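> Sequence plus predicted model, see below.
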Amino acid sequence: MIRFDHSYQRDVPGTFLRQVPDRAPAPRLLAWNDRLAADLGLDPAVQGMAAGWFSGAEPVPGADPVALAYAGHQFGGFSPQLGDGRAHLLGEVLDGQGQRRDIQLKGSGRTPFSRGGDGKAAVGPMLREYLISEAMAALGIPTTRALAVVATGETIWREGGPLPGAVLARVAASHIRVGSFQFLAARGEANKLRALLDHTIARHYPHLAPGDGLGLFDAVTRSQARLIAQWMGVGFVHGVMNTDNMALSGETIDYGPCAFMDAYAPGTVFSSIDRQGRYAYANQPLILGWNLARLAECLLPFFDADETRAVAIANERLGAIAGIYQAEFLAVMAAKLGLAAPDVRLTEDLLALLPGQDWTMFFAGLGAGRPLPPAFAGWQARWQAAGPDLAAMRAVNPVVIPRNHLVEAALQAATVGDMAPFEVLLREVRRPFDGAEGREGYTLPAPEGFGDYVTFCGT
Ligand code: AMP
Ligand code: MG
């Protein structure tokens, strides 16, 4: 009933292990994304099978479940073998636009890459990925999607105690990560690296010729620079920008301890394990460059046959990343400010005034013509002189983002069996640009009593 293909397994042998998902004892469908199912061209009857199929309880006809191998720098330290420790790629489908998309189960059991982990996931974090990735998609930001969340009927154990288990069915342009290249490069697998390069080019950047590693690097630089600029524009903090969590497709991937900031503070960190602030809000553009440097190291043999020349090319490209990112960020900010052209001074002067203001409400208010605090008077006069287009601003500045206190409340309710707050919040984050009228409960930052928001990686 799902027409699967398996081009990754055909094209890049030696980078995955066949592995059957665990059988969920009592699967129950918690969330089903019917719009995405329609985009994927899935038979409507799939919904009736979803609890069994997307929990691992029943084998999916035509699937070829595999755990993918990859390496990765985690918080700067290299692990030559990570891989899918709790995920199974079922296969690829061609969507309504003819785009190839992976369907993967996450939380579906142990694999040879599980190391000490149990291979499982809890209801809360899987619904969290569902909610935040749907919000990102509605915001127009490239992202993996969530097709379904199925409660497994199992109890899993985390630091805080027992939790209901769940599996997320995730849809992605692919699951090829910087870490996928690092895995093969670290093992000196030149032929497989070339196969992965060609598969990635054919799949994501088909205008490039096979073997064009430099073309791929430039294309990934552009798509990732654009992606991070879009994150910055909505105040999104990914939280774990390890090289295994950076997709070559340019999609946001692996929603762990991510969150949106309320008050603008460049040093904002939510993840409990990011004590140094490596992946803080304002550090994300720098980490982009750091991660791309790791990708360049893998692709050096394809930059030039002569190693010295290859390194020189890589250094030239790495030196250009900051400028490429800055241009993308200024374009995002120009759109947020309703300006026809980027304006460095106006953007930087605003950012200097902005700490402490709610990031989302500030821009939404600006587009709605609401008065600004007195400290902004001089800046506001210059901005107005630039002739901002308020209607255009309202189309790009969200009124509703997934506010942390609302996300937490929805997930806590879902964990004890009440899906209603999740469903209401999902509806709201799916229409971020609609007016604020009648949505007051969804537009405001967390109340004082909510305190500093801390997210946990052991999801
Ligand atoms: P993540 O932080 O979700 O990107 O995961 C980082 C690595 O840890 C990946 O290799 C995951 O497959 C693995 N991992 C995370 N959670 C678990 C778990 N509960 N069991 C096994 N492996 C896990
Ligand atoms: Mg990951």
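Structure received. Note that the coordinates shown come from a computational prediction; the quantities given were computed from them, not determined experimentally. Numbering: from 1, shown residues only. Ligands and ions are numbered 1, 2, ... in the order given.
> what does this protein have sitting close to ligand 2?
Contact residues (CB under 5 Å from the ion) of the chain with ligand 2: Asn245, Asp254. Any C-beta I mention is one placed from the backbone N, CA and C, and that applies to glycine too.
> and the chain, which of its residues are near ligand 1?
Taking CB under 6 Å from any ligand atom as the criterion, the neighbours of ligand 1 within the chain are 82-86, 113-114, 117-120, 240, 245, 254, 256, 457.
> mind running it again at 8 Å?
70, 72, 74, 82-87, 107, 110-111, 113-121, 240, 242, 244-245, 254, 256, 457-459 (CB under 8 Å from any ligand atom).
> So among those residues, which ones count as buried?
Neighbour-count burial (16 or more other CB atoms under 10 Å) applied to the residues of the chain next to ligand 1 gives 70, 72, 74, 82-87, 107, 110-111, 113-114, 118-121, 240, 242, 244-245, 254, 256, 459.
> and Ser174, how far is that from Arg100?
Noted for Ser174: a distance of 7 Å to Arg100, by CB to CB, to the nearest Å.
> Spell out which residues are contacts of both of those two.
Common contacts of Ser174 and Arg100, defined by CB atoms under 8 Å, 6 or more residues apart in numbering, comprise Arg203.
> Surely Met261 is in contact with Val237?
Yes: assessed by CB atoms under 8 Å, Met261 is found in contact with Val237 at 6.3 Å.
> which stretches of the protein form strands?
16-18, 28-32, 66-68, 72-74, 77-79, 87-94, 100-106, 145-158, 161-172, 236-237, 259-260 (DSSP state E).
> out of the ones you listed, deepest packed?
With neighbours taken as mean count of other CB atoms under 10 Å, the strands of the chain reach their highest mean count in strand 259-260, at a mean of 26.
> Just the mean pLDDT for that one, thanks.
Taken as a whole, strand 259-260 carries a mean pLDDT of 98.
> Sheet-wise, list the partners of that strand with their directions.
strand 236-237 (antiparallel) (DSSP bridges).
> Sort out for me which of the buried ones among the residues of the chain next to ligand 1 are in helices.
Using DSSP state H, no member of these sits in helices.
> Tell me where the model's unsure across the chain.
Where the chain drops to pLDDT under 70, the residues are 457-459.
> Which single residue in it comes nearest to ligand 2?
Asp254 (3.9 Å; CB to the ion).
> ok, that residue - contacts?
Counted by CB under 8 Å, 6+ apart, Asp254 has contacts Val240, Asp244, Asn245.
> Quick check, central residue of the chain?
Thr252 (2.4 Å; CA atoms, centre = their mean).
> Confirm for me that that one is in contact with Ile141.
Yes: shown here, Thr252 and Ile141 form a contact pair, counting by CB under 8 Å, at 6.4 Å.
> Common neighbours of those two, please.
Leu227, Trp231.
> Could you report the separation of the nearest residue to Val344 once chain neighbours are set aside from Val269?
Nearest residue to Val344, sequence neighbours excluded (CB to CB, 6 or more residues apart in numbering): Leu330, at 6.4 Å. According to CB to CB, Leu330 and Val269 sit 25 Å apart.
> One more: Ile103?
33 Å.
> ok, back up a step: I'd like to know how many residues surround the residue nearest to Val344.
19 (other CB atoms under 10 Å).
> go on, Ala265?
Ala265: 17 neighbours (other CB under 10 Å).
> likewise Gly98?
Gly98 has 7 neighbours, counted by other CB under 10 Å.
> Please report phi then psi for it.
phi 80, psi 10 (degrees, to the nearest 10).
> Surely Ala186 and Ser79 touch.
No: under the criterion of CB under 8 Å, Ala186 makes no contact with Ser79, lying 9.6 Å away.
> Thanks again, I'm all set now.
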